[in-house]
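*Asks:* with the sequence up front, the predicted model follows.
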Amino acid sequence: MFKTLVAVFVIAAVAFCKPVDVTFKYSSPWVQEGIHTEQRPGDLGQINGHSCGPHSLMQSIYKITGIDMLEKTLCDWSGTTTGTSHEGLQEALTRFNKEKGYALTMTWYYFSEVTEEQIGNWMANPKTAIFFHMLYRDTWGHYELPYKIVEGLDTLIVANSLGTKCGEGYYGHMENRTWVDQKRYIKGISQKSVCVIENPK
């Protein structure tokens, strides 16, 4: 009798189970957890005035793998001079994968190709990291990570690696910014401006 009841319970439970959704879906607010937030060069802040690209890659690698790469090393691997190209960042990621045994991928999108929800889901997913390439303050090319967004609100929080100087580098700061300004900055770059780093495993 007991075995019969157990069997009936198992059959009923299976019958009412829904298919598992293996895609990542998160509710707003979306937060990019797992990045450096301590205000000093090499953590939240970049190490010099030209290293924002390798800095964003460093933050992305740290979030996904927990490996704390030196920003200077990624600058060298990226060929950073007065700035860093998308191709240079890809070269650095390829070198990281080879030396550390990972298979992280880098995909670039135009801002017009993605939605706020997609950006949020990439931020919240522990296997992905996202950063933007933009014309910061309508003047300077700059790479940076979004830290927190709330769907429907006019502002977001970005992990800005600039701010107050600290020697040759910067302390970095969490900056509240309007989406109006953010979209204008991003549209100031003619290249694809949304970078997604992913661990496919």
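*Replies:* Good, I have the coordinates.
*Asks:* how about Val158, what does it touch?
*Replies:* By C-beta atoms under 8 Å, 6 or more residues apart in numbering, the residues touching Val158 are 144-147, 174-175, 177, 182. (Each C-beta comes from the backbone N, C-alpha and C, glycine too.)
*Asks:* ugh, wrong one, I meant Thr65
*Replies:* Thr65 touches 100, 102, 104, 199, counting by C-beta under 8 Å, 6+ apart.
*Asks:* which members of the contacts of Val158 are the farthest-apart pair?
*Replies:* Farthest pair in those (C-beta to C-beta) is Met174 and Gln182. Separation: 14.2 Å.
*Asks:* more neighbours: which of the two?
*Replies:* Gln182 (19 against 14; other C-beta atoms under 10 Å).
*Asks:* which of the contacts of Thr65 count as buried?
*Replies:* Among the contacts of Thr65, those scoring as buried are 102, 104, 199 (criterion: 16 or more other C-beta atoms under 10 Å).
*Asks:* any chance of the contacts of Thr65 in a markdown table, plus secondary structure and pLDDT?
*Replies:* Listed next are those as a markdown table, based on DSSP: H, G, I helix; E, B strand; the rest coil; pLDDT from 0 to 100:
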| residue | secondary structure | pLDDT |
| --- | --- | --- |
| Lys100 | helix | 97 |
| Tyr102 | coil | 98 |
| Leu104 | coil | 98 |
| Asn199 | coil | 97 |
